[in-house]
Each structure stands twice: as structure tokens, then as C-alpha cells.
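In: Structure for the following, please:
(one chain, ligands or ions: 3)
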Amino acid sequence: MGNVYVMDHPLIQHKVSYIRRKELGSKDFRAMVGEIAMLMCYEATRDLKLQEVEIETPICKTIGKELAGKKLAVVPILRAGLGMVEGMLTMIPAAKVGHIGLYRDPDTLEPVEYYCKLPADCDEREVFVVDPMLATGGSSVEAIRMLKDKGVKNIRFMCIIAAPEGVERMKKEHPDVDIYIGALDEHLNSHGYIVPGLGDAGDRIFGTK
Ligand SMILES: O=P(O)(O)OC[C@H]1O[C@H](OP(=O)(O)OP(=O)(O)O)[C@H](O)[C@@H]1O
Ligand SMILES: O=c1cc[nH]c(=O)[nH]1
Ligand SMILES: [Mg+2]
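Out: Ligands and ions are numbered 1, 2, ... in the order given. This next block holds a predicted model:
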């Protein structure tokens, strides 16, 4: 059964408050989204399995620990998820990266697919799906369905801001997926935007509005 984790680390909370400010420009917004992703990655990988390994230091042989089991992959939901990739790779540089392109139709709020390129062995990997915003949940539910269709079994979802509506939908549709949230907000407005939120994450990262 998947769990929902809302980050309580002071650095994450501080940086999330910072990127909510409407006066923050794209350059600083983008940099901070990357920093938040890095800190969230650190928190969301706490339970990765370790195995013992014999190593030799300049002094003697000893037993150390290394990551065991499945290799990792990061899959951003385009566009806004791209802002989290570098931070994730700072923490887990050996991870492969897949891309899922979805945009939300502004009228229906339904996700529209336009791209999918995944690592060939993604079904053998533990996959971190990243997107700064979980609003209605339509995009993340669809992205995870696409991964499951390719045989991926171990999936975690990471977002910076979530609405309760999206969290409930994810729990219902993908009860096996752990969800990591930077901040859990109040509700969605009539246009499907998170309140208080931070506006349109993709536009703010790429300066398109
Ligand atoms: O939970 P949902 O209701 O599906 O909304 C969340 C989605 O909306 C945003 O993407 P958007 O459609 O704005 O595309 P963009 O990243 O290209 O801006 C966001 O980055 C999520 O992917
Ligand atoms: O508040 C929201 C909702 C969906 N997508 C965003 O970028 N922001
Ligand atoms: Mg957008």
C-alpha cells in the first residue's frame, strides 16, 4: 500500500514559501525548484535498500554499504517536471531519465499526451515520477498508467505542491504508489489551479507568461 509523505524539513518549507511569491522571477524560481527537488530526493530515498560490500581503504579491508537491488530512473512530466530533474540527478547521478509529455487541456482539465520516451529497461527500475504540481491528479495518474503499461512496477511520485483532490485521486487510482509532497495546500479553484499554490509552474520555470 502506498504512503503519503508531506515534507517537514525546514529548508524545504522555507524554499517552498519562497517560490510561492509572485514577484520571484524565472531565474530564481527555476534555481529554487531544483534545490527543493534535491532536498526532496534526499528525503524520498531514505528507505532505499543497502547491501554490505567488502572494500579496501588505504589502511585495511573493511565492510561498507552500497545501494542494493533495483536501479533508479527519474521520469519528469513535461514541461514543468523538467525543473526537478537536475536536482534529482545531483543526488542520484547514475539514474536514467525518461520523459513523459502531457499538458492539461485548459477547458476539460484532462491530460493530453504528446511524448513518451523511457529507458529501455525501465520495467526493471525503481522509477521516480516528478512534477512540481499535483492538482486534479489527471496528469500524474495518466503518467503512472503509461509507466505501468510498460511493465514498471516500482513507482514513486514526487511533487512540490499538492491539492487534497489530487492526492485522493492518486490514492484511489494508484494505491501502490508512494507520494512525496513538499507542501499540501487547501483546495483547487474553479480553473483547476491550486490555492494558494504558486500559479502555473511550467510558465514560471520557463518564463512563458
Ligand atoms: O493534476 P493536474 O490537474 O493534471 O495538473 C497538474 C499538471 O498541470 C501542470 O502542467 P501543464 O498542463 O500546465 O503543462 P506544462 O508543464 O507544459 O506547463 C503541472 O505541471 C502538472 O503536470
Ligand atoms: O496550480 C496549478 C495547477 C496545475 N498546474 C500548475 O502549474 N499549477
Ligand atoms: Mg503549465
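In: switch to C-alpha atoms for all contacts and neighbour counts from now on
Out: Noted.
In: Contact partners for the residue lying closest to Ile36 once chain neighbours are set aside?
Out: Leaving aside its sequence neighbours, Ile36 sits nearest to Ile12 (Cα to Cα, 6 or more residues apart in numbering; 5.9 Å). Contact analysis of Ile12 by Cα atoms under 8 Å, 6 or more residues apart in numbering lists 36, 39-40, 182.
In: Max pairwise distance over the residues you listed: which two?
Out: Using Cα to Cα, the contacts of Ile12 span at most 9.7 Å, a distance reached by Leu39 and Gly182.
In: of these two, who's got more company?
Out: Comparing Leu39 with Gly182 by other Cα atoms under 10 Å, the one with more neighbours is Gly182, at 25 against 19.
In: residue contacts, the residue most central in space within the chain?
Out: Nearest to the mean C-alpha position of the chain, by Cα atoms, centre = their mean, lies Val130 at 2.3 Å. When contacts are counted by Cα under 8 Å, 6+ apart, Val130 touches 74-77, 81, 84-85, 157-159.
In: quick one: contacts of stretch 107-123?
Out: So stretch 107-123 is contacted by 73, 75, 96-105, 136, 138-139, 142, 150-153, 192 (Cα under 8 Å, 6+ apart).
In: Give the buried residues for that stretch.
Out: Going by neighbour count (16 or more other Cα atoms under 10 Å), the buried part of stretch 107-123 is 109-111, 113, 116, 118, 122-123.
In: likewise stretch 148-168?
Out: Going by neighbour count (16+ other Cα under 10 Å), the buried part of stretch 148-168 is 152-167.
In: quick revisit: the contacts of Ile12 in helices, which ones?
Out: Residues of the contacts of Ile12 located in helices (DSSP state H): 36, 39-40.
In: ok, so of those residues, who is nearest Met1?
Out: Within these, distances to Met1 taken as Cα to Cα reach their minimum at Met40, with 20.8 Å.
In: Now do the contacts for that closest one.
Out: 7, 12, 158, 180, 182.
In: related to what we said a few turns ago, near ligand 3, list only the ones from the contacts of Ile12.
Out: Among the contacts of Ile12, proximity to ligand 3 is found for none (Cα under 5 Å from the ion).
In: Compile the residues you listed into JSON lines and extend it with columns for pLDDT and distance to Ile59.
Out: Listed next are the contacts of Ile12 as JSON lines, based on pLDDT from 0 to 100; distance: Cα to Cα, whole Å:
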{"residue": "Ile36", "pLDDT": "98", "distance to Ile59": "38"}
{"residue": "Leu39", "pLDDT": "98", "distance to Ile59": "34"}
{"residue": "Met40", "pLDDT": "98", "distance to Ile59": "36"}
{"residue": "Gly182", "pLDDT": "98", "distance to Ile59": "42"}
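In: quick one: the helices in this structure?
Out: Taking DSSP H as the test, the helices found in the chain are 10-20, 26-44, 85-91, 138-149, 164-173, 201-206.
In: Report the buried residues of the second one.
Out: Spelled out, that is helix 26-44. 26, 29-41, 44.
In: Can you tell me which residues in the protein are near ligand 2?
Out: 133, 135, 192-194, 197, 199-202 (Cα under 6 Å from any ligand atom).
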